[in-house]
Structures are given as structure tokens and as C-alpha cells.
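Colleague: sequence first, predicted coordinates after that:
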Amino acid sequence: MALASLIANIALVVTGAAVRLTDSGLGCPTWPRCTDGSYTTTSAMGVHGVIEFTNRLLGIALFVVALACFVVAWLQKPRRRRQVRLSLLVLLGIPGQGVVGGITVLTDLNPWVVGLHFLLSMALIAAAYALWHSTAEGDGPPVHLVTTPLRHLTLLLTLASAGVIVLGVVVTGSGPHSGDNGAKRNGLDPAAIAQAHADLVFLLIGLTAAVWLAFRAVNAPVPARAALTLLVIELSQGLIGFVQYFTHLPVALVAAHMLGASLVWTATIAVLLALRTRPAIPEAPTEAIPASLPTPAPSPSR
């Protein structure tokens, strides 16, 4: 269920990209209804209404998956508080995400609100991955697998990855794919913001390569595998980014880049959580109780 929740959150990013890239952001021009008189799309809204309303339905499906995940975590025996908290965090985040999505519609796709909508999805993906990761470890105190300097370097990598995503959102807000032909842009120079974004991507790739080599040098195979996975995803995402920029942002490549951003962030969280392991909490020993008490010897007759 935790894995299903993670996949669903990533899938919603892709379907949200489809809404924006097909200019269907105002396919349902109001919220929470699709039109002033209907909660569902109507024939008058055309294909844009179908696309936007379908994305809203997928948001409801995501909530159902998160609710089921919380119920499973709650009913586990023994109940693990960390999993209950993480599943509840994901569950509560989805209605909040829906509200922000509604605000994007009511503000006619303000690029800053649209960007916040995407960043909240990244937060939910991080929580969903942490929940899934917890199913493969115990609840004991964390045991660090690498030294403090390497943990600090990995934290720097995580901050760089977050910065790349935030700048990517700003680049998107200045570009042509606004979600609707009449939606305004953030007014920043697309070329300048894209250059800053690319510079930070180079820093991120360099940090990831350094972290991977450092993990290998100290013989930390689990973090090293996670870092190598992140590096491969970053290089693939960088290639897509450069190609889409020089081919003037074709819709298919932009959608692939949105998926890649989700995967980069997921892999970043994977590296961060791979720095430690949590053993299972040992069960308290119980004193064996004899099945029956011995029968006392009969007293000698006098």
C-alpha cells in the first residue's frame, strides 16, 4: 500500500503536467465545482473539461489509496507509530493539495500558485517514500552507516536537489506552457532563469558524483547504490532538459521532464534515508510459566 501511494503521487504529477501542456488548466473554470452549475464536466466544456475533470478524479483516487494505506498502518499488529504518523501525513496532505489546486483555478493559473501546487506534490512524494522505506526497517534507534562529514555532504546534495526543483518551477512559470492561452507568466527572463537552473544542475551532478565516490571509498554499499541510481537519473533528466530547451519545449519532452523531476527528488530522498538503518526493537524477554505446579509429596503417616 505504501508503494502504491508513492506511485500514485508521482503519477498525479504527470497527469497534472498533461493538464497544463494541453492548455486544459481552466477546463473546469471554477472550484470545487467544474462549472457554476455542475460538479462534473459538461459537453460545452469540450476536451479540455474532460482532461481537467479526469485529473480531479485521479486526485480523489489518490486520497482513497492514502486512506487505505493509513487504515493498513493503523490495523497492523503490533502498531508502528512512525508508519501511522507518516501515512496520516500523506493522507492529510492530499486535501491540502486539492485546496491549493482549487486556488490555482480561482486565480486563473497564477504561475506562483501553480508552482506551489507542484512543490506540495514533491513534499507528498518525500513523505510517501519515507513511509515505503519504513516497511523495510525496524523502529529501533537509527544506526549511521557513514561518518558525520559524509552525512553533511549528503545534506548539501539534498539542498541542491531541492534548489534545482524550485528553480525549475520558476523556469516553468516564465515559459510558454501556462496551462491556458490567457494565463499570465511570472515576467522573468526565461533564458536567464534557465541558465541559473542549468548551473545548479551541474552543481547537483558534481555533488552526487562526489558522494557516490566517497561512499565507495568508505565501503558503504547501500548508500553507494542509492547515489549511483540518483546520478543516472540526473544525467538522463539533464539530457532531456537540454534537448527540450534547444528544441523549443515540445510537449512530450516537457512531460518527460516533469516525470524526471519527480524521480530525481525521489532518488534524492532515497540517498538521504540510505545513510542509516533502523534495527527492529527487540522484544522484552518473558519468564516462562510452568504448565502445572508439582504435586507435593504426601506427609508420612504417624
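Modeller: Yep, that arrived.

Colleague: distance from the chain centre to the helix or strand harbouring residue 60, please.
Modeller: Element membership of residue 60, judged by DSSP states H and E, is helix 46-75. Computed by Cα atoms, centre = their mean, to the nearest Å, the chain-centroid distance of helix 46-75 equals 15 Å.

Colleague: repeat that for stretch 4-22.
Modeller: Distance of stretch 4-22 from its chain centroid, counting by Cα atoms, centre = their mean, is 11 Å.

Colleague: list the buried residues for it?
Modeller: Neighbour counts over stretch 4-22 (16 or more other Cβ atoms under 10 Å) mark 5-6, 8-10, 12-13, 15-22 as buried. Just so you know, the C-beta spots here come from the backbone N, C-alpha and C atoms, and that holds for glycine as well.

Colleague: from these, which is closest to residue 33?
Modeller: Residue 33 lies nearest to residue 19 out of those, by Cβ to Cβ, at 16.9 Å.

Colleague: relative to residue 8, how far out is that closest one?
Modeller: 16 Å (Cβ to Cβ, to the nearest Å).

Colleague: residue 249 against residue 178, yeah?
Modeller: No. Between residue 249 and residue 178 there is no contact under Cβ atoms under 8 Å: 11.8 Å.

Colleague: please say which of the two ends up with more neighbours.
Modeller: Shown here are residue 249 and residue 178; by other Cβ atoms under 10 Å, residue 178 has more neighbours (21 against 16).

Colleague: where does pLDDT dip in the stretch 151-300 of the chain?
Modeller: Scanning the stretch 151-300 of the chain for pLDDT under 70 picks out the ranges 282-300.

Colleague: quick one, strands of it?
Modeller: 276-277 (DSSP state E, counting those that start in this stretch).

Colleague: in it, which spans are helices?
Modeller: 190-217, 221-246, 251-273 (DSSP state H, counting those that start in this stretch).

Colleague: for residue 50, find the nearest of those.
Modeller: The closest of the helices of the stretch 151-300 of the chain to residue 50 is helix 251-273. By Cβ to Cβ, the value is 17.4 Å.

Colleague: so which bits of the closest one are buried?
Modeller: The neighbour-count check on helix 251-273 (16+ other Cβ under 10 Å) flags 253-273 as buried.

Colleague: equivalent analysis for stretch 223-235, please.
Modeller: Quick answer for stretch 223-235 (16+ other Cβ under 10 Å): 223, 224, 225, 226, 227, 228, 229, 230, 231, 233, 234.

Colleague: same question for stretch 235-245.
Modeller: 237, 238, 240, 241, 244, 245.

Colleague: stretch 191-200 now?
Modeller: Per 16+ other Cβ under 10 Å, stretch 191-200 contains these buried residues: 193, 194, 197, 198, 200.

Colleague: return the closest of those with respect to residue 151.
Modeller: Nearest to residue 151 out of the buried residues of stretch 191-200 is residue 200 (Cβ to Cβ; 21.6 Å).

Colleague: so what's the nearest residue to residue 236 once chain neighbours are set aside up against?
Modeller: In space, and not counting its chain neighbours, residue 236 is closest to residue 260: 6.7 Å by Cβ to Cβ, 6 or more residues apart in numbering. Contacts for residue 260 (Cβ atoms under 8 Å, 6 or more residues apart in numbering) come out as 233, 236, 237, 240, 241.

Colleague: without its sequence neighbours, what residue ends up closest to the most centrally placed residue in the chain?
Modeller: Taking Cα atoms, centre = their mean, the centroid of the chain lies closest to residue 125, which sits 1.4 Å from it. Excluding the flanking residues, the one nearest residue 125 by Cβ to Cβ, 6+ apart is residue 9, at 5.0 Å.

Colleague: what sits against that neighbour?
Modeller: Residue 9 neighbours (Cβ under 8 Å, 6+ apart): 62, 90, 121, 124, 125, 128.

Colleague: roughly how far does the third one sit from residue 172?
Modeller: Pointing back at residue 121 there. 13 Å.

Colleague: also the first one?
Modeller: Summarising the geometry, the distance separating residue 62 from residue 172, computed by Cβ to Cβ, is 22 Å.
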